[in-house]
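Visitor: Next one to model:
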Amino acid sequence: MNDPKNPQSESASDSEESPQQQTSEDVEPPEESPETGDSAPKHTVPQQSSPSHDEPIEPTPPPDENDPEDEAEEGEEEEGERGLGGRMTFLEHLDEFRRRILNSVVSILVTFVAAWIFREEIYNFIAAPIYNVVEKLVVIKPTEPFTIYLKTSFAVAIFLASPFILLQVWLFIAPGLYRKEKGYALPFLFSSTLLFVLGGMFAYYVVLPPALDFLLLEFGKNFQALITAIEYFDFALLIIIGMGVVFQLPVLVAFLSIFGMITPRFLWKNFRYAFLLITIIAAVVSPTTDPFNLFLWSGPMVVLYTISIAVSWVFKRRRDKDEEADSDSSHSA
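Guide: Below you'll find the model as predicted:
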């Protein structure tokens, strides 16, 4: 037995313990006695404590609606939805503009070659209204026939290449639009091309013949008409292309309505000022100042302005619905 008064004997007895017992004490500490609650000295290896199931789990606080990090993430998502247009530098925008211009020029050159092959047929078609008034057109310079064929082929090339040119315009402005706004690409191309062609046909079949009759048969009946071919083609092409551009008014109003720059109420409220401006423009671009030809120019513009009000109302209603849907989704989130 160990002498309780002699500490050396106690330490000696402890040292006599087997290494296996010491190792078991280091790894597996003895359990506490339920009676005394005492435990023997132990050398435990620290272990990673697992969370107790009895401890209450604190709930994760809801995200703050005004958290700047959330607002930054929403801004990044919005910027990603908009595309690369907002992140392009000035030189990149300039390079993109140069590329679209180059593609448009190439398309015009290709269609010009096709129109040049059929230049005589195109000449006879454009000259048909004037042949109802005079028997023949005259030329003054030897180079005028070549110039006439060149101008007519170029004008027809613009008409044929107009869908591709409008596509290049859309591709230039599309990176700065939202994803849902890019869905208007096909309606934009179709309506722009259709209205441009309709404007040219309206000028050729409706505006040009009565204008020539009024100028040459009414006012020019006491004169011998010697009209040069190049003057007539400049006159006819100006009317045809100009009316095609005028017919783009509903498309322009639709775009301004998409971006919220104009509203149908604004267009209707300023109808009388628009009518006065249309009358002034018609008086300037019309070949004559008589009431009939003035009506032929101002009438389509007034009709197009009225159609533009309806188009603006449609896009304004769609824009309001999208804003209501976005606000409802943000409130529900």
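Visitor: need the next SSE after the helix or strand containing residue 210, C-terminal direction.
Guide: For residue 210, the host element (DSSP states H and E) is helix 208-212. Using DSSP H and E, the helix or strand that directly follows helix 208-212 along the chain is helix 229-246.
Visitor: hey, C-alpha coordinates of that next one in PDB?
Guide: C-alpha atoms of helix 229-246 as PDB (Å, rounded to 0.1, in the frame of the first residue of the first chain):
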ATOM      1  CA  ALA A 229     -34.600  64.700-118.400                       C
ATOM      2  CA  ILE A 230     -32.200  65.400-115.600                       C
ATOM      3  CA  GLU A 231     -34.500  68.200-114.200                       C
ATOM      4  CA  TYR A 232     -37.500  65.900-114.300                       C
ATOM      5  CA  PHE A 233     -35.700  63.100-112.500                       C
ATOM      6  CA  ASP A 234     -34.400  65.400-109.800                       C
ATOM      7  CA  PHE A 235     -38.000  66.600-109.300                       C
ATOM      8  CA  ALA A 236     -39.600  63.200-109.300                       C
ATOM      9  CA  LEU A 237     -37.000  61.600-107.000                       C
ATOM     10  CA  LEU A 238     -37.200  64.400-104.500                       C
ATOM     11  CA  ILE A 239     -41.000  63.900-104.300                       C
ATOM     12  CA  ILE A 240     -40.800  60.100-104.100                       C
ATOM     13  CA  ILE A 241     -38.000  59.900-101.500                       C
ATOM     14  CA  GLY A 242     -39.400  62.800 -99.500                       C
ATOM     15  CA  MET A 243     -42.800  61.300 -99.200                       C
ATOM     16  CA  GLY A 244     -41.200  58.000 -98.100                       C
ATOM     17  CA  VAL A 245     -39.400  59.800 -95.300                       C
ATOM     18  CA  VAL A 246     -42.700  61.600 -94.300                       C
END
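Visitor: Counting by contacts, list what it packs against.
Guide: Contacts defined by 3 or more Cβ pairs under 8 Å, 6 or more residues apart in numbering; DSSP states H and E place helix 229-246 against helix 119-126, helix 128-131, helix 144-173, helix 185-202, helix 208-212, helix 291-332. To be clear about C-beta, it is placed using only N, CA and C from the backbone, and glycine gets the same treatment.
Visitor: Tell me what angle that helix forms with helix 291-332.
Guide: If you take axes from the mean of the first three to the mean of the last three Cα atoms, to 10 degrees, helix 229-246 sits at 30 degrees to helix 291-332.
Visitor: what's next to whichever helix or strand comes after helix 229-246, contact-wise?
Guide: Later in the chain than helix 229-246, the nearest helix or strand by DSSP H and E is helix 249-258. Contact with helix 249-258 is made by 181, 184, 188, 191-192, 195, 262-264, 267, 301, 304-305, 307-309, 311-312, 315-316, 319, as judged by Cβ atoms under 8 Å, 6 or more residues apart in numbering.
Visitor: now the angle from helix 249-258 to helix 185-202?
Guide: Using the same axes, to 10 degrees: helix 249-258 against helix 185-202 is 150 degrees.
Visitor: Export helix 249-258 to PDB, keeping only CA atoms.
Guide: Below are the C-alpha coordinates for helix 249-258, written out as PDB (Å, rounded to 0.1, in the frame of the first residue of the first chain):
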ATOM      1  CA  LEU A 249     -43.800  59.500 -88.700                       C
ATOM      2  CA  PRO A 250     -45.700  56.700 -87.000                       C
ATOM      3  CA  VAL A 251     -42.500  54.700 -86.500                       C
ATOM      4  CA  LEU A 252     -40.800  57.800 -85.000                       C
ATOM      5  CA  VAL A 253     -43.700  58.400 -82.600                       C
ATOM      6  CA  ALA A 254     -43.700  54.700 -81.600                       C
ATOM      7  CA  PHE A 255     -40.100  54.900 -80.600                       C
ATOM      8  CA  LEU A 256     -40.600  58.200 -78.600                       C
ATOM      9  CA  SER A 257     -43.600  56.600 -76.900                       C
ATOM     10  CA  ILE A 258     -41.600  53.500 -75.900                       C
END
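Visitor: Report the rounded mean pLDDT for it.
Guide: For helix 249-258, mean pLDDT is 83.
Visitor: In terms of secondary structure, what does the strand or helix carrying residue 272 contact?
Guide: Assessed by DSSP H and E, residue 272 sits inside helix 271-285. Contact partners of helix 271-285 among helices and strands, from 3+ Cβ pairs under 8 Å, 6+ apart: helix 291-332.
Visitor: Where does the prediction get shaky in this protein?
Guide: Low-confidence segments of the chain (pLDDT under 70): 1-88, 177-178, 180-182, 287-290, 326, 328, 330-333.
Visitor: on that earlier part again, pipe the helices and strands packed on helix 229-246 into a markdown table and attach mean neighbour count and distance to residue 230 per row.
Guide: Formatted as a markdown table, these follow (neighbours: other Cβ atoms under 10 Å; distance: least, Cβ to Cβ, whole Å):
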| stretch | mean neighbour count | distance to residue 230 |
| --- | --- | --- |
| helix 119-126 | 14 | 12 |
| helix 128-131 | 16 | 12 |
| helix 144-173 | 18 | 5 |
| helix 185-202 | 17 | 20 |
| helix 208-212 | 20 | 16 |
| helix 291-332 | 15 | 23 |
